[in-house]
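Colleague: need a 3D model of the sequence below.
(one chain, ligands or ions: 2)
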Amino acid sequence: MLFRTLKKKDLPRLYDRLSDGNRIVGPTVKGAEKDGKAIYAFEEISDFNNIHLDYTSTKIPAKKFFMPFRETMASFRMKGKEWDKMVSFNMNSPLVFFGMHACDVNALNKLDKVLLGSHYPMPYYAAKRKNMFIVGIDCIPQPYCFCRSMGSDTALHGFDMFLTDLGDHYFVEILSDTAYNFLRQITNEEPAESDHARYMKVAAEKNRKFTAHVDTTDLTKILDMEFQADVWKKWGDQCLSCGTCANVCPTCYCYGVDESVGLDLSRAQKTKLLYSCNLIDFAEVAGGHNFRPESHTRLKYRYYHKHRGFVEAFEESLCVGCGRCGESCLAGITVPEVIASVRGEES
Ligand code: SF4
Ligand code: SF4
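Modeller: Ligands and ions are numbered 1, 2, ... in the order given. As a prediction, the model looks like this:
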């Protein structure tokens, strides 16, 4: 990894270089909460001034750009007894993510493990993931963020360059040749000793701002022991089975495949639709049998997938601690409270 510093006034020049021939996605203001706080969203940007690098977190993660809610996998055209199959991985042009927080970079790293590194890689995801450039940016922890507990408060890989605000300039971590070649077109400097000291001070100040925590000590064992615990019923009774938590989660990737045939039987299409394990028919199989008919069994499954099964497969949790699910849940169900209750702690 290389380290440089970049004056803030030169950041628009970096944007200009990156946007030359590429689509840029960045955090932008989408609206306002009742209390006037901004609602942020990742959107395609055409003007540097619309990027809000001081954003808190976006309601919806960036996954709609590399794992869209609805995606055509293949279409078919029938001609008599012959048929053609058309497959597109739906990659139109490279995407530059300008201002992604460490939790969302780590979410991509986790998705990579299962969607790129497993026995059956997902080509629709791979095509987009291999054609993205990521400029990460440091964040200010919010009351609902517990990324530090999940080891996702800093990103060690998965980005091209990462910016940390040191006042009038950024400390820049460079991970890829592409990032190096872009940055060398703009005035930048070797960090001084004082920049290293300032970087460490900023990191320490950030760490002190975390207020939400999850105790992950022995969590997989505790989940094994507490599989039949009454707390699952308690949270399940509260859950509305709305699926919002999966929709806003940067690491939820479950999907269903819909097959449709045109009325004249000359066309057909396979469509991938993101799904949520909390939805009532998630576990419904052929014949109409539903092997998770109760909300608590589905809610429990989501937690066991993220904090038990994924850990067994990849030695890390499938949760980055962004807190989006708890913030969006109409029933007020949050990961820190659920895990604390399973551990027998008062919530
Ligand atoms: S958002 Fe809340 S209520 Fe909706 S499915 Fe998730 S846990 Fe249940
Ligand atoms: S489970 Fe909740 S806190 Fe964890 S990554 Fe998903 S949305 Fe974020």
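
Colleague: list the contacts of Leu175.
Modeller: Taking C-beta atoms under 8 Å, 6 or more residues apart in numbering, we find Leu175 in contact with 1, 157, 159-162. C-beta: built from backbone N, CA, C; applies to glycine.

Colleague: mind checking what secondary structure Glu259 has?
Modeller: Following DSSP: H, G, I helix; E, B strand; the rest coil, we place Glu259 in the strand state.

Colleague: residues touching it, list them.
Modeller: 268-271 are the contacts of Glu259 under C-beta under 8 Å, 6+ apart.

Colleague: repeat for Ile24
Modeller: Each residue near Ile24 by C-beta under 8 Å, 6+ apart is listed here: 15, 18, 44-46, 95-96, 98.

Colleague: what's the burial count for Val248?
Modeller: By other C-beta atoms under 10 Å, 21 other residues sit near Val248.

Colleague: mind listing what it touches?
Modeller: 59-61, 324-325, 327-328 are the contacts of Val248 under C-beta under 8 Å, 6+ apart.

Colleague: hang on, the earlier thing: turn the contacts of Glu259 into TSV, including pLDDT, neighbour count and distance to ligand 1.
Modeller: Putting those into TSV (pLDDT from 0 to 100; neighbours: other C-beta atoms under 10 Å; distance: C-beta to the nearest ligand atom, whole Å) gives the following:
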residue	pLDDT	neighbour count	distance to ligand 1
Ala268	96	16	32
Gln269	97	15	29
Lys270	97	16	27
Thr271	97	16	23
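
Colleague: in strands, which of these appear?
Modeller: The strands, defined by DSSP state E, take in 268-271 from the contacts of Glu259.

Colleague: could you point out the longest helix of this structure?
Modeller: Taking DSSP state H as the criterion, the chain has its longest helix at helix 193-208.

Colleague: could you pull up the mean pLDDT of it?
Modeller: Helix 193-208 comes out with an average pLDDT of 97.

Colleague: tell me what that helix is packed against?
Modeller: With contacts taken as 3 or more C-beta pairs under 8 Å, 6 or more residues apart in numbering; DSSP states H and E, helix 193-208 sits against strand 161-165, strand 169-174.

Colleague: so which residues make contact with the helix or strand just after the last one?
Modeller: Right, the one you point to is strand 169-174. Downstream of strand 169-174, the next assigned helix or strand under DSSP states H and E is helix 177-183. Helix 177-183 is touched from outside by 2, 4, 6, 14, 17-18, 133, 160-161, 172, 174, with contacts defined as C-beta under 8 Å, 6+ apart.

Colleague: can you check stretch 330-345 too?
Modeller: Residues from elsewhere that reach stretch 330-345, judged by C-beta under 8 Å, 6+ apart: 144, 146, 212-216, 219, 222-223, 226, 229, 231-232, 234-235, 238-240, 242, 244-245, 299, 303, 307, 319, 321, 323, 325-326, 346-347.

Colleague: that one and ligand 1, any residue contact?
Modeller: Yes - counting by C-beta under 6 Å from any ligand atom, ligand 1 has neighbours in stretch 330-345: 330-331, 333.

Colleague: noted, bye for now.
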